[in-house]
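> predicted coordinates and the sequence they were generated for:
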Amino acid sequence: MKILNLYAGIGGNRKLWGNEHEITAVELDEDIAAIYKDFYPTDKVIVGDAHKYLLDNYKEFDFIWSSPPCPTHSRINFNFQKNLKYPAMELYQEIIFLRQWFKGKYCVENVIPYYPPLIPAKEYDRHLFWTNFLIGTSKYTNVQHILRGDLQTKAKIKEVELDDLKKVNKSKVINNMVNSKTGQYILDCATNVIRKEKTEQTKLF
């Protein structure tokens with residue numbers, strides 16, 4: 001299966017996906033992209049604008065995962081009320097675009113925002129997920145809200161060695177990581193649906 005992993009970070013969501021898929025990752029930060037490439041050398045890693053890459057290349061993939069930047073949507077941003085910015089609408093642009101034009105399966109992930117979501121989503125593991133396939137109820141607990149000041153513990157929970165994170169903001173990188181088991185579960189749901197649809201299509205002919 002051909003997978004596009006947008007705003008890939010160091011690949012927390014991708015950690016348990018294995019190597020049987022053809023995965024393309026897009027990350028804007030060159031240093032973060034280099035860490036991703038060290039972790040997943042078989043993936044194609046592109047340093048660039050994930051939002052534009054999606055628009056230009058969406059037809060090439062079977063499954064797309066997108067995790068647009070979350071700070072302008074975050075409840076932390078609202079609670080502290082410092083340097084407030086307009087919510088970045090790339091999040092909803094991508095949801096609408098994928099819903100309308102993408103023929104495969106997609107997952108757009110973001111934080112639970114400080115406002116009512118403009119498009120209904122599924123809450124899973126203290127995040128919101130917009131998908132065109134069914135996912136269940138949360139199995140995993142994201143403990144970042146409990147351990148905000150304990151970077152070492154968060155790194156251990158997310159199975160990352162701090163020494164591997166060179167030239168980057170370690171706290172930001174770890175906080176932005178999706179729980180690897182959540183990433184695996186979402187992909188498994190999409191894969192099962194794709195497999196079922198292919199089987200049903202084969203039966204028609």
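Received the coordinates, thanks. Treat the numbers as computed from the prediction; the structure is a model and nothing was measured.

> now the helix or strand hosting residue 184, how far from the centre of its chain.
Take DSSP states H and E as the rule and residue 184 turns out to sit in helix 180-203. Distance, stretch centre to chain centre, for helix 180-203: 17 Å (C-alpha atoms, centre = their mean, to the nearest Å).

> for that helix, buried residues please.
180, 182-187, 189-191, 193-194 (16 or more other C-beta atoms under 10 Å). Bear in mind the C-beta positions are built from the backbone N, C-alpha and C, glycine included.

> next: stretch 155-163.
Quick answer for stretch 155-163 (16+ other C-beta under 10 Å): 155, 157-158, 160.

> can you give me the end-to-end span of stretch 51-67?
10 Å (C-alpha to C-alpha, to the nearest Å).

> average pLDDT across it?
Mean per-residue pLDDT for stretch 51-67: 98.

> name the surrounding residues that touch that stretch.
The contact list for stretch 51-67, computed with C-beta atoms under 8 Å, 6 or more residues apart in numbering, reads 1-9, 13, 24, 26, 46, 50, 68, 90, 93-94, 97-98, 101-110, 176, 178, 183, 186-187, 190-191, 194.

> among the residues you listed, which lie within helices?
50, 90, 93-94, 97-98, 101, 183, 186-187, 190-191, 194 (DSSP state H).
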